[in-house]
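Asker: Predicted structure and sequence below. I'll ask about it afterward.
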Amino acid sequence: MGIKYIVVLICLWAWSGSLAFATTSSNDGLLRVSLKRRSLDLNSLHAARIKEGVYSNGLNNLEANVVYLKNYLDAQYYGEISIGSPPQYFNVVFDTGSSNLWVPSSKCVLSIACYFHSKYKSRLSKTYTKIGIPCKIPYGHESISGFFSEDNVRVGDITIKHQVSIVTSALNKGLLLAIFQEFAEITKEGNLAFLALQFDGILGLGFQDISVKKATPVWYNMIEQGRIKQQIFSLWLNNDPMEKIGGEIVFGGIDWRHFRGDHTYVPITKNGYWQIQVGDILVGKNSTGFVIILFCSCLNLIGLCEGGCAAIVDSGTSLIAGPTTVVTQINHAIGASGFVSFECKNVLHNYGNMLWEFITSGLQPEIICGEIGLCSYNNRSHITDVIETVVHSENWDKSSSKKKPLCTLCDMIVFWIQVQFKQKNTKERIFKYVDEVRVYIQRKKGQYSRTFEYTISDVMFGFNILVLKLCERLPNPMGQSFIDCDSVSTMPSITFTIGNKPFTLSPEQYILRVEHGCSSLCYVGFVALDVPPPQGPLWVLGDIFLGAYHTVFDFGNLRIGFAKAA
């Protein structure tokens with residue numbers, strides 16, 4: 001009999017320990033939610049493209065309402081919440097890049113994805129309140145749809161009352177704190193890719209400004225109902241694949257075990273997203289010219305901005321997205337192989353000599369592409385049209401106007417050349433390419449000689465080879481670039497300047513190693529994202545950056561803090 005009691009006690013102890021492992025609320029008054037982590041696979045990386053599209057909420061009624069939309073197919077970190085009384089459990093992504101709470105609905109019967117994920121059953125909850133207002137949430141070219149409901153939501157040890165959420169037909173799983181909360185029940189999800197997701201829903205931690213139908217976010221209700229100690233939450237992502245715990249989100253404070261040194265705080269520049277300002281981007285010790293070189297407002301399209309650029313800190317995506325111009329320079333510096341742009345080579349083939357002559361003659365860079373007939377900046381709609389053409393077309397449909405993508409590429413080439421000319425070794429690199437080709441030809445003819453003079457045509461030839469190498473490093477707008485896994489240790493670091501301080505990523509931090517069959521593939525964690533003014537240029541700092549730096553989201557003081565993760 002005594003042995004049975006001992007066994008029961010051991011089982012109870014183990015059971016309680018497993019609960020404490022998932023979510024803990026310690027004596028320091030902080031709410032801790034442990035995060036699970038899934039490994040990225042090749043399919044999810046190919047599917048998880050950060051896209052641009054129309055900003056459905058029309059924040060601030062800006063004229064150019066184009067910002068990025070994401071589809072969560074690369075989301076790695078998620079945790080558990082419950083909705084209703086008695087609780088119904090879901091795995092959700094804690095997403096600082098959105099503001100709604102949504103989970104699949106039991107009324108989702110026409111979407112296959114809903115049958116593979118937990119669904120909210122309102123009839124089983126004693127605290128459910130019907131709202132029924134329909135809603136639609138866009139993701140790239142598609143959307144999920146459902147309606148709003150209200151119920152208690154539990155995140156860790158906190159219950160949020162009267163929380164309104166969206167009940168959807170997407171695959172969602174979440175870990176919530178209990179509040180009577182508005183949320184969305186999803187009843188229709190149009191993308192079969194959601195079948196593979198390991199989470200059920202999304203718990204948005206952004207501002208109410210971008211909330212669909214202006215529904216009150218869970219985070220707001222935590223504050224208003226006095227459920228947390230301070231108006232901050234902090235995020236730690238564990239990059240160690242051997243560790244069981246994928247990370248931790250702490251509501252109401254900071255866990256000092258998860259970072260080293262002091263946080264560098266920078267102000268939020270615009271409510272809606274957790275948006276800050278970033279300065280120059282360095283590859284190794286070399287500037288990308290991101291802030292230094294200014295052409296004109298029209299060239300903001302390719303990644304230039306005065307005094308820095310906007311950056312959204314987004315825990316809902318794994319990658320780092322930025323202007324094509326800078327991502328191309330990163331790819332070029334690290335030797336990444338990406339989408340070989342035939343359009344870029346076409347610009348070089350037809351206009352390379354003219355570009356060289358205009359640039360070396362001192363013509364203003366902002367009018368060069370207009371002078372050769374590829375661009376017309378008098379038409380303001382040009383910017384948005386180019387973005388839509390480049391980003392949303394797999395092959396840049398050749399049946400449509402060719403001038404739009406060619407104009408974009410011309411702008412990018414001119415910008416890149418200007419950056420190269422600011423580096424002392426550009427002329428030497430041009431002559432180096434000329435030498436290599438001449439030596440090859442002379443050896444073929446058996447007339448090898450080390451002494452020859454450079455002609456103007458030689459210089460232009462070397463220039464074309466130099467830009468050709470740029471074309472070959474262009475990132476694919478619809479996917480990622482890759483590198484040889486054996487070269488990771490020799491690659492340069494990438495540094496973001498935030499709050500006038502450097503935040504450096506090592507190659508091991510910004511390269512994603514994905515197992516593919518019996519081999520490994522290494523993907524560059526940077527993807528191209530071009531957003532026109534006034535919303536852009538724009539960076540998105542996803543989990544690659546957040547894994548390297550413990551992050552504090554200070555809602556009370558409208559600021560974000562970064563410190564090295566421990």
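Answerer: Happy to help now that I have it. As the structure is a computational prediction, the values presented were derived from the model and not from experiment.

Asker: can you give me the strands in the stretch 251-400 of the chain?
Answerer: 259-267, 275-278, 281-283, 286-287, 309-313, 320-322 (DSSP state E, counting those that start in this stretch).

Asker: Let me have those in a markdown table, extended by mean pLDDT.
Answerer: Listed next are the strands of the stretch 251-400 of the chain as a markdown table, based on pLDDT from 0 to 100:
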| stretch | mean pLDDT |
| --- | --- |
| strand 259-267 | 98 |
| strand 275-278 | 96 |
| strand 281-283 | 90 |
| strand 286-287 | 84 |
| strand 309-313 | 93 |
| strand 320-322 | 90 |
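
Asker: Single out the most deeply packed of those.
Answerer: Mean neighbour count (mean count of other CB atoms under 10 Å) peaks for strand 320-322 among those, with a mean of 28. Yep, even glycine has a C-beta here, placed from its N, CA and C like the rest.

Asker: Which other helices and strands does that strand contact?
Answerer: Other helices and strands packing on strand 320-322, by 3 or more CB pairs under 8 Å, 6 or more residues apart in numbering; DSSP states H and E, are strand 526-528, strand 538-541.

Asker: Quick check: next helix or strand after the helix or strand residue 159 falls within?
Answerer: Residue 159 is located in strand 158-168, with elements delineated by DSSP states H and E. For strand 158-168, the succeeding helix or strand toward the C-terminus, using DSSP H and E, is strand 179-189.

Asker: Who are the packing partners of that following strand?
Answerer: Packed next to strand 179-189, using 3+ CB pairs under 8 Å, 6+ apart, are strand 101-104, strand 129-139, strand 142-155, strand 158-168, helix 218-224.

Asker: Note down every partner strand of the first one and its orientation.
Answerer: Read that as strand 101-104. Sheet pairing for strand 101-104, assigned by DSSP bridges, gives strand 179-189 (parallel), strand 201-204 (antiparallel).

Asker: can you redo those strands as CSV with distance to residue 126, mean neighbour count and mean pLDDT?
Answerer: Shown next, in CSV, are these (distance: least, CB to CB, whole Å; neighbours: other CB atoms under 10 Å; pLDDT from 0 to 100):
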stretch, distance to residue 126, mean neighbour count, mean pLDDT
strand 179-189, 12, 28, 79
strand 201-204, 21, 33, 92
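
Asker: among those, which is nearest residue 247?
Answerer: Residue 247 lies closest, by CB to CB, to one member of the strands paired with strand 101-104: strand 201-204, at 14.5 Å.

Asker: mind exporting the closest one as CSV, just the C-alpha atoms?
Answerer: Below are the C-alpha coordinates for strand 201-204, written out as CSV (Å, rounded to 0.1, in the frame of the first residue of the first chain):
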residue,chain,number,x,y,z
GLY,A,201,-3.5,30.9,-34.1
ILE,A,202,-2.0,34.2,-33.5
LEU,A,203,-1.9,36.4,-30.4
GLY,A,204,-1.0,39.9,-31.6
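
Asker: Tell me where the model's unsure across the stretch 101-250 of the chain.
Answerer: The stretch 101-250 of the chain contains residues with pLDDT under 70 at 139-142, 162-180, 190-196.

Asker: now for the helices and strands packed on strand 320-322, which one comes closest to residue 133?
Answerer: Short answer: strand 538-541, nearest of those by CB to CB, at 29.7 Å.

Asker: elements contacting that closest one?
Answerer: Strand 538-541 packs on strand 66-69, strand 309-313, strand 320-322, going by 3+ CB pairs under 8 Å, 6+ apart.

Asker: Let's see that with 10 Å instead.
Answerer: strand 66-69, strand 275-278, strand 309-313, strand 320-322, strand 494-498 (3 or more CB pairs under 10 Å, 6 or more residues apart in numbering; DSSP states H and E).

Asker: I'd like those as JSON lines, with distance to residue 369 appended.
Answerer: Below are the helices and strands packed on strand 538-541 laid out as JSON lines (distance: least, CB to CB, whole Å):
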{"stretch": "strand 66-69", "distance to residue 369": "21"}
{"stretch": "strand 275-278", "distance to residue 369": "27"}
{"stretch": "strand 309-313", "distance to residue 369": "22"}
{"stretch": "strand 320-322", "distance to residue 369": "22"}
{"stretch": "strand 494-498", "distance to residue 369": "28"}
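
Asker: quick one, which of those strands is nearest to residue 160?
Answerer: When these are compared (using CB to CB), the closest one is strand 309-313, at 23.3 Å.

Asker: Please enumerate the helices of this structure.
Answerer: 2-22, 42-47, 218-224, 324-334, 342-360, 365-371, 381-392, 403-421, 426-445, 456-472, 507-510, 543-548 (DSSP state H).

Asker: Mean pLDDT lowest where, among these?
Answerer: The weakest mean pLDDT among the helices of the chain belongs to helix 381-392, with a mean of 33.

Asker: one step back: out of the helices and strands packed on strand 179-189, which is closest to residue 241?
Answerer: Going by CB to CB, the one of the helices and strands packed on strand 179-189 nearest residue 241 is strand 142-155, 26.1 Å.

Asker: quick revisit: which one of the helices and strands packed on strand 538-541 lies nearest to residue 184?
Answerer: Per CB to CB, nearest to residue 184 of the helices and strands packed on strand 538-541: strand 66-69, 16.5 Å.

Asker: related to what we said a few turns ago, dump the helices and strands packed on strand 320-322 into CSV; add mean pLDDT, distance to residue 85 and mean neighbour count as well.
Answerer: Shown next, in CSV, are the helices and strands packed on strand 320-322 (pLDDT from 0 to 100; distance: least, CB to CB, whole Å; neighbours: other CB atoms under 10 Å):
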stretch, mean pLDDT, distance to residue 85, mean neighbour count
strand 526-528, 86, 42, 27
strand 538-541, 93, 37, 27
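
Asker: how about those in a markdown table, adding distance to residue 133?
Answerer: Formatted as a markdown table, the helices and strands packed on strand 320-322 follow (distance: least, CB to CB, whole Å):
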| stretch | distance to residue 133 |
| --- | --- |
| strand 526-528 | 35 |
| strand 538-541 | 30 |
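
Asker: closest to residue 315 out of those?
Answerer: It's strand 538-541; of the helices and strands packed on strand 320-322, that one is closest to residue 315 (CB to CB) at 9.5 Å.

Asker: Quick check, residue 203 in contact with residue 82.
Answerer: No. Assessed by CB atoms under 10 Å, residue 203 is found out of contact with residue 82, at 11.7 Å.
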